[in-house]
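Enquirer: Quick one, fold the following:
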Amino acid sequence: MTEKFIAVVTTGGTIMCEKQPDSDKVTPKMTGLELLDNIEGLTDRFNIKLVEHSNMPGSDLSPNTAFKLKETIVSLIDDPSIMGIVVTQGTDAMDEIPYLIHLTCRVKKPIVFTGAMKGANDLYSDAVGNVYGSILVASSREAIGKGVLVYFNETVFSASDVEKFNANRIDAFDSFRGPMGRVLNDRVTFFREPVEEPVYDVWEATDLVPIIKIYSGMTDLFVRTCIDKKVKAIVIEGYGSGNVPFDIEPAIREARSKGIIVAMSTRCFYGDAYGCYDYIGGGAQLSELGVIFGGGLSSQKTRLKLLVMLAAGRTVDEISNAFSLDY
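Expert: Numbers count the residues shown, from 1 in each chain. Coordinates of the predicted model:
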């Protein structure tokens, strides 16, 4: 039989950093080989193919870098010697880059993203456990057909709904739908199936789609700036289930009249954006203007889905229907 490998693709991030002993600074220091060499017994149990793709902080990742990563992932999917793929990256964009891959890549093998909240040498360093657990998931039969996954702190999430809820702790990630599964005593268990979404065969997304966060006392400055810049779409991170201040509504109305797509998410961590309040600036009246509601998707994920669908040439009606899925 042909020997099977788990591909570990490194892209940078905290997982490649060390905490400096004389300060609180966390500095990029490690190579991918050094990262794997720190995991005792790894190569005794698994055949690993290391792919050192890049070394970028999570804060510098973008859709453009994600599409370059997609090229590497697709080549590994097509490689018959690869049974699963682990991607390590910075956690700042862990809610975005895996989701973009989820939207644009036909997944035939387990793809598991992971990283670390703490640098090597930190008292609470989580790099070793996260990489080892991700490799366990990527090598398991149970992960086949589960789509793009994210693994942290012994917990498996779907890329379609994972979010970073804490800026510092090792249990930073969660989902409004709950976890997909877990790893306990080396055993991989899944609790649910992923939510299925169409895959869009795009390799770049260049449209400008800003995110505007609603806050008390704000003016329509940002919406009108988007109108002046003739953007294709705007994501508004609204109050509650998708509401905006009274003074913002006329600018949204003008944006829609000019053909700009406006999508609404909620600034709340949990719950859905949907049009229910029937007053000026309320979700029901915004819905009548053609504002699209993203359900439980965060503003970041709503933006990425808009970017991908615009790049795929989808119409406004097709985009609206895609967001009407039960999130």
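Enquirer: Give me the below-cutoff pLDDT ranges for the protein.
Expert: Judged against pLDDT under 70, the low-scoring parts of the chain cover residues 1-2, 325-327.
Enquirer: would you list every one of the helices in it?
Expert: Using DSSP state H, the helices of the chain run over 32-37, 42-45, 63-77, 97-104, 127-138, 221-228, 249-257, 283-288, 299-311, 316-322.
Enquirer: Show me which of the ones you listed has the highest average neighbour count.
Expert: Mean neighbours per residue, mean count of other Cβ atoms under 10 Å, is largest over the helices of the chain for helix 97-104, with a mean of 26. (C-beta placed from N, C-alpha, C; glycine too.)
Enquirer: Quick one, which of the helices of the chain gets closest to residue 150.
Expert: Proximity of the helices of the chain to residue 150 was assessed by Cβ to Cβ; the nearest stretch is helix 97-104, lying at 5.5 Å.
Enquirer: Which other helices and strands does that closest one contact?
Expert: Using 3 or more Cβ pairs under 8 Å, 6 or more residues apart in numbering; DSSP states H and E as the contact definition, the elements that helix 97-104 packs against are helix 63-77, strand 111-114, strand 148-152, helix 299-311.
Enquirer: what about 6 Å?
Expert: Identification of packing neighbours for helix 97-104 by 3 or more Cβ pairs under 6 Å, 6 or more residues apart in numbering; DSSP states H and E yields helix 63-77, strand 148-152, helix 299-311.
Enquirer: got CSV for the ones you listed, with distance to residue 266 too?
Expert: Supplementary listing: the helices and strands packed on helix 97-104 in CSV, determined by distance: least, Cβ to Cβ, whole Å:
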stretch, distance to residue 266
helix 63-77, 23
strand 148-152, 21
helix 299-311, 8
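Enquirer: quick one: which of the ones you listed is nearest residue 40?
Expert: Of all the helices and strands packed on helix 97-104, the one in closest proximity to residue 40, counting by Cβ to Cβ, is strand 148-152 (19.0 Å).
Enquirer: Residues contacting that closest one, please?
Expert: For strand 148-152, contacts defined as Cβ atoms under 6 Å, 6 or more residues apart in numbering pick out 98, 101-102, 111-114, 130, 133-134, 137, 156-157, 159, 162, 173.
Enquirer: Let me know the closest of those residues to residue 70.
Expert: Taking these together and measuring to residue 70 by Cβ to Cβ, the closest member is residue 101, at 6.0 Å.
Enquirer: Not counting residues beside it along the chain, what's closest to the closest one?
Expert: The spatially closest residue to residue 101, leaving aside those adjacent along the chain, is residue 148, at 5.3 Å (Cβ to Cβ, 6 or more residues apart in numbering).
Enquirer: For that neighbour, give its distance to residue 77.
Expert: The spacing between residue 148 and residue 77, counted by Cβ to Cβ, to the nearest Å, is 11 Å.
Enquirer: picking up where we left off before, ok, now how distant is the residue nearest to residue 101 from residue 197?
Expert: Relative to residue 197, residue 148 is positioned 11 Å away (Cβ to Cβ).
Enquirer: Which residue of these two possesses the greater neighbour count?
Expert: Per other Cβ atoms under 10 Å, whichever of residue 148 and residue 197 has more neighbours is residue 148, with 26 against 14.
Enquirer: does that one have beta-bridge partners, and which?
Expert: Beta-bridge pairing of residue 148 under DSSP bridges involves residue 111.
Enquirer: try the one 4 residues further on
Expert: With DSSP bridges as the criterion, residue 152 is bridged to residue 155.
Enquirer: and what of residue 7?
Expert: According to DSSP bridges, the partner residues bridging residue 7 are residue 49, residue 85.
Enquirer: wait, what's in contact with it?
Expert: Contacts were defined as Cβ under 6 Å, 6+ apart; by that measure residue 7 touches 49, 51, 76, 82, 85.
Enquirer: who's in contact with the closest residue in space to residue 121 that isn't next to it in sequence?
Expert: Once its chain neighbours are removed from consideration, residue 121 has its nearest residue in residue 19; the separation is 4.7 Å (Cβ to Cβ, 6+ apart). Under the criterion of Cβ under 6 Å, 6+ apart, the contact list for residue 19 reads 26, 119, 121, 122.
Enquirer: Export those to JSON lines and append columns for distance to residue 242.
Expert: Written out in JSON lines, the entries for the contacts of residue 19 read as follows (distance: Cβ to Cβ, whole Å):
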{"residue": "26", "distance to residue 242": "37"}
{"residue": "119", "distance to residue 242": "39"}
{"residue": "121", "distance to residue 242": "45"}
{"residue": "122", "distance to residue 242": "40"}
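Enquirer: Find the pair from those residues with maximum spatial separation.
Expert: Based on Cβ to Cβ, the longest span within these runs between 26 and 121 and measures 9.2 Å.
Enquirer: So these two - more neighbours on which side?
Expert: More neighbours sit around residue 26 than around the other of residue 26 and residue 121, counting by other Cβ under 10 Å; the figures are 17 against 13.
Enquirer: How about the contacts made by the closest residue in space to that one that isn't next to it in sequence?
Expert: Distances taken as Cβ to Cβ, 6+ apart place residue 119 nearest to residue 26, at 4.1 Å, with adjacent residues excluded. Applying Cβ under 6 Å, 6+ apart to residue 119 gives the contacts 14, 17, 18, 19, 26.
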